[in-house]
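Colleague: for reference, the sequence and a predicted model appear below.
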Amino acid sequence: MKFRGKVWKFGDNVDTDAIIAARYLVSSDPAFLAAHCMEDADPDFMKKISAGDIIVAGENFGCGSSREHAPIAIKTAGISCVVAKSFARIFYRNAFNIGLPIFESRDLWDAVSDGQEIEVDGDNGSIRILNSNRGPLRIEPIPPFMQQLVSDGGLMKHIAKKKA
Amino acid sequence: MGMTITEKILCRHTDLKELHPGMLINARVDIALGNDITAPIAIAEFRKAGGLKVFDRDKVVLIPDHFTPNKDIDSAQQCKFMREFAREQGLTHYYDVGEVGIEHALLPEQGIVLPGDLVIGADSHTCTYGALGAFATGVGSTDFAAAMMTGEVWFKVPETMKIVFSGKMKKWVSGKDLILYIIGSIGVDGALYKAMEFVGETIGQLSMADRLTIANMVIEAGAKNGIFIPDDITKAYVAERAKRPYSFYNSDPDCQYADVINIDVSGIEPQVAFPHIPSNVRGISQVGDVKIDQVVIGSCTNGRIEDLRVAAGILKNKKAAPGVRLIIVPATQGIYKQALQEGLIEIFIDAHAAVSTPTCGACLGGHMGVLADGERAVSTTNRNFIGRMGHTGSEVYLAGPAVAAASAVLGRIAGPEEL
């Protein structure tokens, strides 16, 4: 599990209304939701990003509503993974359940700026900042059960596999 | 080692003899809940995974309360999709417009959730039911889909933070003020991943409505669940509602808490959370001159009969200030009818309030009270994020029903003492 892309930074307590505003919850179409991803935090977000880019955020990313539309919007927008100092718990569950890779790093936020390229290596638990002389940063290990969810392709596929 | 009430309820829903924080478990659910925003994704996932019948038609609950009565064609389509699924599955607990209420007010009122239950809901404010001494937590649509299929959900057993209330509450102070005060003290991630257990001598002064309000907003501190130990008030509340057996649990004397926070409530005044985060809390005496355009009294946080009584007591023989739109939303049809019988609705209408059928609409900027650029609202709801109730240039100030009603009359944020 390796992800390489440009960084887009957000601060602490990015709530799910900022990730996908409630006015768009009249639909659960992933492409529609993705078109409005992060709109209330940065109206130009979808114009700026390219496929594979990475959201880097502060504490408590995804707080607030339980709307799964939030990780769906991020994933469908083409964001490869989210690295935050910490995640709100429902968002954390939802991300693993739908197969959006997320990682916790205490140090990355201060070490990068918008547009910088990084490589996140989920297998060996490290992040490399490209074109920088800074050594690799450590990411928090993902609990084995969550790794299983990711490798099975999300919760529903995990359950189907267990039943089979 | 003993267990907390949260650990005990989780444990009784597994085949384990005991469990402790950090353990990963699969637990059986008593009630699994979805609404018109979250259920459509869950139903699609359920079908995609080959689901034919839900695990128990008495235990899967669908409540169309967010964008209802249907606010536009898209939301009407989502409601129709959910309604057809509810009919096809023969769900016992599906309530449509005319019977429906805001989910977290309706389920306790109807005795659908009970003490000792393990409840998951695809709605973050599912934590409300902890007021009854149940384990209840919000999840996403996929977790709800999995629960509909298997009757089980995975959990990491949370650590528990104990909040000990002491002292007597001042006049006009309610459960809303206590929970805003706590969120202001510990921050929006102050209880991240944890259970918040509320105990202490003050609890006996708290009505079930106050407890439901407090448990409702523990998610705003990042908590997994909030919980009260059942007492005589709980017993009286559920005795007249329950249609199935239930269990009272208590924490063991030798259980382990991750943190203990002591709060003397006697010094707490009515609280207001300023934009744009629920932890940006000030006492009413520190608010200053903040002019407002709209007041909303309602929601799963503060739309119960007790809240409406407080508001009516303040609004009686008064009118909303010119330029202030006052919107009052009884949270269920039962509450609406009760308010009508008690004469509260007449007081509201005489005060120039728009009284609405139950809906979550205004709280999340859906419909029935969306804010324009630059507008300010005082709201008894639970979130004041940027754009939460409308335009990203609008502002939401969270408060209890007493401050909301007084603010409506005065046209600025104010406490009832000023009237």
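Modeller: Yep, it's here.

Colleague: around the residue of the stretch 301-419 of chain B at minimum distance from chain A, count how many other residues there are.
Modeller: Minimum separation of the stretch 301-419 of chain B from chain A (C-beta to the nearest C-beta) falls at B:Leu364, amounting to 4.1 Å. C-beta here means a position set from N, CA and C on the backbone, and glycine is covered the same way. By other C-beta atoms under 10 Å in any protein chain shown, the residues close to B:Leu364 number 27.

Colleague: got phi/psi on the residue lying closest to it once chain neighbours are set aside?
Modeller: Leaving aside its chain neighbours, B:Leu364 sits nearest to A:Ala22 (4.1 Å; criterion: C-beta to C-beta, 6 or more residues apart in numbering or on different chains). Dihedral angles of A:Ala22 (phi, psi; degrees, to the nearest 10) stand at phi -60, psi -30.

Colleague: for residue 21, phi and psi?
Modeller: In the absence of a named chain, this looks at chain A. Backbone geometry at A:Ala21, expressed as degrees, to the nearest 10, gives phi -70, psi 150.

Colleague: the chain in question should be chain B.
Modeller: Torsion angles, degrees, to the nearest 10, at B:Pro21: phi -50, psi 140.

Colleague: just give me the neighbour total for it.
Modeller: Neighbour tally, B:Pro21, other C-beta under 10 Å: 18.

Colleague: how about it, nearest residue that isn't a chain neighbour?
Modeller: Excluding its sequence neighbours, the residue lying closest to B:Pro21 (C-beta to C-beta, 6+ apart) is B:Glu159, at 4.3 Å.

Colleague: ditto for B:Pro278
Modeller: B:Glu220 (4.3 Å).

Colleague: so that neighbour versus A:Ile19, what's the distance?
Modeller: Counting by C-beta to C-beta, to the nearest Å, the gap from B:Glu220 to A:Ile19 is 17 Å.

Colleague: report whether the least confident helix or strand in chain A by mean pLDDT contacts chain B.
Modeller: The weakest-scoring helix or strand in chain A, judged by mean pLDDT, DSSP states H and E, is helix A:144-152 (a mean of 87). Yes: under the criterion of C-beta under 8 Å from any C-beta of the partner chain, chain B is reached by helix A:144-152 at A:Phe145.

Colleague: buried residues in that helix?
Modeller: Judged by neighbour count (16 or more other C-beta atoms under 10 Å in any protein chain shown), helix A:144-152 contains these buried residues: A:146, A:149-150, A:152.

Colleague: need the max-distance pair from these.
Modeller: A:Met146 and A:Asp152 (10.7 Å; C-beta to C-beta).

Colleague: quick check, pLDDT for the residue of the stretch 301-419 of chain B closest to chain A.
Modeller: On the pLDDT scale, B:Leu364 is placed at 97.

Colleague: go on, B:Asp231?
Modeller: Looking at B:Asp231, its pLDDT reads 98.

Colleague: adjacent strands (with direction) for the one helix or strand B:Met161 maps to?
Modeller: Taking DSSP states H and E as the definition, one finds B:Met161 inside strand B:160-166. Sheet pairing of strand B:160-166 (DSSP bridges) gives strand B:195-199 (parallel), strand B:259-264 (parallel).

Colleague: returning to what we had before: pretty sure the residue nearest to B:Pro278 contacts B:Arg383?
Modeller: Yes: counting by C-beta atoms under 8 Å, B:Glu220 does reach B:Arg383; the two are 7.0 Å apart.

Colleague: give me the common contacts of these two.
Modeller: By C-beta atoms under 8 Å, 6 or more residues apart in numbering or on different chains, B:Glu220 and B:Arg383 have these common neighbours: B:Pro278.

Colleague: show me what contacts the spatially closest residue to B:Gly283 that is not a sequence neighbour?
Modeller: Nearest non-adjacent residue to B:Gly283, counting by C-beta to C-beta, 6+ apart: B:Glu269, 4.4 Å away. Contact criterion C-beta under 8 Å, 6+ apart gives B:170, B:173, B:177, B:283-285, B:415 as the residues in contact with B:Glu269.

Colleague: swap in 7 Å and give it another go.
Modeller: For B:Glu269, the contact set (C-beta atoms under 7 Å, 6 or more residues apart in numbering or on different chains) comprises B:170, B:173, B:283-285.

Colleague: ditto for A:Val82
Modeller: Listed by C-beta under 7 Å, 6+ apart, the contact set of A:Val82 reads A:55, A:57, A:61, A:74, A:102.

Colleague: 6 Å instead?
Modeller: Each residue near A:Val82 by C-beta atoms under 6 Å, 6 or more residues apart in numbering or on different chains is listed here: A:55, A:102.

Colleague: assign it to helix, strand or coil.
Modeller: With DSSP: H, G, I helix; E, B strand; the rest coil as the basis, A:Val82 sits in strand.

Colleague: distance of it from B:Gln78?
Modeller: Noted for A:Val82: a distance of 27 Å to B:Gln78, by C-beta to C-beta.

Colleague: look up the closest residue to B:Gly387, ignoring the ones flanking it.
Modeller: Counting by C-beta to C-beta, 6+ apart, the residue nearest B:Gly387 is A:Asp40, at 4.5 Å.

Colleague: do the same with B:Tyr336
Modeller: Nearest residue to B:Tyr336 in three dimensions, chain neighbours excluded: B:Pro330, at 4.0 Å (C-beta to C-beta, 6+ apart).

Colleague: show me the contacts for the residue nearest to B:Gly387.
Modeller: Residues near A:Asp40 by C-beta under 6 Å, 6+ apart: A:18, A:21, B:386-387, B:392.

Colleague: mind running it again at 8 Å?
Modeller: For A:Asp40, the contact set (C-beta under 8 Å, 6+ apart) comprises A:17-18, A:21, B:386-387, B:392.

Colleague: and the spatially closest residue to B:Pro230 that is not a sequence neighbour, what's its pLDDT?
Modeller: Counting by C-beta to C-beta, 6+ apart, B:Pro230 lies nearest to B:Gly133, which is 3.8 Å off, once chain neighbours are set aside. On pLDDT, B:Gly133 comes in at 98.

Colleague: my read: B:Gly133 touches B:Tyr249, true?
Modeller: Yes: between B:Gly133 and B:Tyr249 a contact is recorded at 6.4 Å, counting by C-beta under 8 Å.

Colleague: returning to what we had before: hang on, the residue nearest to B:Pro21 packs against B:Met196?
Modeller: No: B:Glu159 lies out of contact with B:Met196 (C-beta under 8 Å); the separation is 10.5 Å.

Colleague: between these two, tell me which one has more neighbours.
Modeller: B:Met196 (32 against 20).

Colleague: quick check: residues of chain A near chain B?
Modeller: Within chain A, the residues that sit near chain B (C-beta under 8 Å from any C-beta) are A:13, A:15, A:17-18, A:21-23, A:25-28, A:40-41, A:59-60, A:63-69, A:71-72, A:86, A:88-90, A:93-94, A:97-98, A:143, A:145, A:154-157, A:159-160.

Colleague: need the helices for the stretch 301-419 of chain B, in chain order.
Modeller: In order along the chain, the stretch 301-419 of chain B carries the following helices (DSSP state H, counting those that start in this stretch): B:305-315, B:333-341, B:344-350, B:401-410.

Colleague: which of those helices is buried the deepest?
Modeller: Neighbour counts (mean count of other C-beta atoms under 10 Å in any protein chain shown) averaged over each of these peak at helix B:401-410, with a mean of 28.

Colleague: what does it contact?
Modeller: With contacts defined as C-beta under 8 Å, 6+ apart, helix B:401-410 is touched by B:172, B:174, B:176, B:270, B:272, B:284, B:292, B:295-297, B:302, B:307-308, B:310-312, B:314-315, B:318-321, B:324, B:326, B:351, B:353, B:378-380, B:399, B:413-416, B:418-419.

Colleague: please repeat the previous calculation with a cut-off of 7 Å.
Modeller: Here helix B:401-410 has contacts from B:172, B:174, B:270, B:272, B:284, B:292, B:295, B:297, B:302, B:307, B:310-311, B:314-315, B:318, B:320-321, B:324, B:326, B:378-380, B:413-416, B:418-419, using C-beta under 7 Å, 6+ apart.
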